[in-house]
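Asks: Kindly generate the corresponding structure for this input.
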Amino acid sequence: MESKLAKLKKNYSELEKKYKLPSYKELNEEFDIEKAQELETDTLLREIRKVIMDKVIAYLRFIEMLLNPSNAPMFFFALLKGLDNGDKKILEDLYSKLGRLKIEVVEIDNDYSEKNEAEFIIHVFNEWREIKEDMKKIAKSLQKSWDKKSERKDKSYLG
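Replies: Predicted structure coming up:
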């Protein structure tokens, strides 16, 4: 009996050829699309697009907390102290790109077409390369900020 994952890969492979989609491996490494194996569906590309958008939206929310931390947990305030204007510009650009993807998906969501789903997946995958590079830069800045906070805490500890 064929596993759910093997069936997903087989079905995706057919769609990959039909629409010139990124390889299953590439898409899975970036967006964990193997989660779609849990679903019985006749609209596989829609389900894959939803999995992809889950990651896009999670990043969007994270960046939103960094840009507008008014109701953010204390954790975010510690991170923000180490960000410079260059980092903030990158965050604003990322927010714009991710927000645009979230808006674009509304049309796709409301008017199903396998071809449109495929084109959107290709579009997000291509955009993601740039987004990912900028996220790496931000992650490094946030790590430095966190490390500085930890160093200050260690030096001021008198226990």
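Asks: helices and strands of this protein: which one bottoms out on pLDDT?
Replies: Ranked by mean pLDDT, DSSP states H and E, the weakest helix or strand in the chain is helix 74-80, scoring a mean of 76.
Asks: name the helices or strands packed onto that one?
Replies: Counting contacts by 3 or more C-beta pairs under 8 Å, 6 or more residues apart in numbering; DSSP states H and E, helix 74-80 packs against helix 44-67, helix 114-156. Backbone N, C-alpha and C define where each C-beta goes, glycine included.
Asks: now do 6 Å
Replies: helix 114-156 (3 or more C-beta pairs under 6 Å, 6 or more residues apart in numbering; DSSP states H and E).
Asks: Which strands or helices does the helix it packs on pack on?
Replies: Looks like helix 114-156 contacts helix 44-67, helix 74-80, helix 85-110 (3+ C-beta pairs under 6 Å, 6+ apart).
Asks: Turn those helices into JSON lines, including mean neighbour count.
Replies: Converted to JSON lines, these look like this (neighbours: other C-beta atoms under 10 Å):
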{"stretch": "helix 44-67", "mean neighbour count": "18"}
{"stretch": "helix 74-80", "mean neighbour count": "14"}
{"stretch": "helix 85-110", "mean neighbour count": "15"}
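Asks: any idea how far A6 is from V106?
Replies: Remark: distance between A6 and V106 (C-beta to C-beta, to the nearest Å) = 33 Å.
Asks: In the protein, where is pLDDT below threshold?
Replies: Within the chain, the segments meeting pLDDT under 70 span 149-159.
Asks: What would stretch 2-12 look like as CSV? C-alpha coordinates only.
Replies: This file holds the C-alpha atoms of stretch 2-12, laid out as CSV (Å, rounded to 0.1, in the frame of the first residue of the first chain):
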residue,chain,number,x,y,z
GLU,A,2,1.3,3.4,-1.0
SER,A,3,2.0,5.8,1.9
LYS,A,4,0.3,9.2,2.1
LEU,A,5,3.7,10.9,1.6
ALA,A,6,4.5,8.8,-1.5
LYS,A,7,1.0,9.6,-2.9
LEU,A,8,1.6,13.3,-2.2
LYS,A,9,4.9,13.2,-4.0
LYS,A,10,3.5,11.3,-6.9
ASN,A,11,0.5,13.7,-7.3
TYR,A,12,2.8,16.7,-6.9
